[in-house]
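In: Next comes the sequence, and after it the predicted model I'd like to discuss.
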Amino acid sequence: MNFIQKDIRVNEAILRSEVRLIDVDGTNLGIVSIKEALARARERGLDLVEVAPNANPPVCRIMDYGKYKYQMQKRSHHKKTIEVKEIKLRPRIDEHDLELKVKNIRRFLDDGNKAKVTMMLRGREATRPEFGMKVFEKILQMLEGKFIVERKPTLEGSNITMIIAPQK
């Protein structure tokens, strides 16, 4: 039950004598006794759920607790964070090393993450960035499958960067 707070009190588990009651549609019904709040919830066939236990008096809401729990569980399952994984390389990379880097990029994309490919240019390499651009073209040819070039290879100082994202 990691999708919601474990200390949510429902119905008879609410131990206070008075609560601030919120109706199903969100209107504030004011401060009422716990017996009256439970009676109003039962009239509608719903639950009384403590939503702000630290308030004075605690705030309780009339709602379908099972439906609320289901929605919170469903919401927590759909949260997938997309990470940007970085691959660094040089313009004079060997063929086998490039294949290994492309294999890692493909793995990142298959996992649903983005891949940032950074080529570091040092010394005389910085005067001829077109050699680095050829390596980027080769990478894109080697990557078969569905992907989107989110940011085309651009020269930024002494680095060339490109961002590749998985296609949805």
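Out: Done, it's in.
In: for the chain, which spans come out with low pLDDT?
Out: 1-6, 78-79 (pLDDT under 70).
In: for it, longest helix please?
Out: Criterion DSSP state H: the longest helix present in the chain is helix 95-110.
In: how far does that helix sit from the chain's center?
Out: On the basis of CA atoms, centre = their mean, to the nearest Å, the separation between the geometric centre of helix 95-110 and that of its chain is 25 Å.
In: so what does it touch, helix or strand wise?
Out: strand 84-89, strand 114-120, helix 129-142, strand 159-166 (3 or more CB pairs under 8 Å, 6 or more residues apart in numbering; DSSP states H and E). (C-beta placed from N, C-alpha, C; glycine too.)
In: Let me have these in CSV, adding mean neighbour count and distance to Val49 as columns.
Out: Shown next, in CSV, are the helices and strands packed on helix 95-110 (neighbours: other CB atoms under 10 Å; distance: least, CB to CB, whole Å):
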stretch, mean neighbour count, distance to Val49
strand 84-89, 14, 39
strand 114-120, 20, 39
helix 129-142, 15, 53
strand 159-166, 19, 39
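In: hang on, Val117 packs against Phe136?
Out: Yes - with contact defined as CB atoms under 8 Å, Val117 reaches Phe136; the gap is 7.1 Å.
In: Now list whatever residues contact both of those two.
Out: Pro153, Met162 (CB atoms under 8 Å, 6 or more residues apart in numbering).
In: hmm, back to that, mind giving me CSV with the helices and strands packed on helix 95-110 and columns for distance to Leu21?
Out: Listed next are the helices and strands packed on helix 95-110 as CSV, based on distance: least, CB to CB, whole Å:
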stretch, distance to Leu21
strand 84-89, 47
strand 114-120, 47
helix 129-142, 61
strand 159-166, 48
